[in-house]
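Engineer: coords please:
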Amino acid sequence: MAKDAQLSNSQAPAWKRSSLLRVMNGNIRHIEDWLNLASVFIIMFLMFFATTEIVGRYIFNTPVPGHVEIVELIMAGVVFLGIAYTERVGGHVRMELFVTRVLKGRSYHIAEALTAALSLFVYIFILIYTFKASVFAFQMGDNTAYLYWPTWPSKFAVPLGSFFLCIRFLIEIIQHLAQVIAGVEVRDLD
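Structural biologist: From the prediction side, this is the model:
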């Protein structure tokens, strides 16, 4: 019985042995799920909005005023609210030929940790500078040219999504480094 528990414990990812990391990952997963759900609802709104615009333009000859500005404002939320969730489920396009076929064990996890660290470095800059631009747009009262709608809510979607993506990268770095220290070949860290 103890041998079975030890075997299953060695099969499990090493980071799951820490209750703090499990709780932190669970809470961030919950937030990522809600942000992704918001992104899905925005996409659904865009589908209905595009249908309304097309029907209004071609059937009733009355297009929706400012439809291009509305879509431009909404697209930031579509992309950045779901970006951390997409990273968590591995939905981003990436080249895995070298990593999956050549690297094994610790070298695989070191490569994944380095990739996540580099991505974290890039997204920290994106987070900082888009947050500054969002605050500036809010303070300045930046509006769209045609509808005079404020642009700051759309601009805040970028640093919000980037913030949770940075947290996801930190979690991934910790998960892969735990596997490096434990020396266990487990590729699926969930």
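Engineer: What residues sit buried inside the longest helix belonging to the chain?
Structural biologist: Longest helix in the chain by number of residues (criterion: DSSP state H): helix 19-58. Within helix 19-58, the residues scored as buried using 16 or more other CB atoms under 10 Å are Leu21, Asn25, Ile28, Arg29, Glu32, Leu35, Asn36, Ser39, Ile42, Leu46, Phe49, Glu53. Every residue, glycine included, has its C-beta placed from N, CA and C.
Engineer: List the contacts of stretch 114-127.
Structural biologist: Val158, Pro159, Ser162, Phe163, Leu165, Cys166, Phe169, Leu170, Glu172, Ile173, His176 (CB atoms under 8 Å, 6 or more residues apart in numbering).
Engineer: wait, what's in contact with the residue nearest in space to the middle of the chain?
Structural biologist: When the chain is reduced to its mean C-alpha position, the nearest residue by CA atoms, centre = their mean turns out to be Ala84, at 1.6 Å. Going by CB under 8 Å, 6+ apart, Ala84 touches Ile28, Glu32, Leu35, Gly161, Phe164, Leu165, Ile167, Arg168.
Engineer: measure Ile42 to Pro159 for me?
Structural biologist: Ile42 is 17 Å from Pro159, where distance means CB to CB, to the nearest Å.
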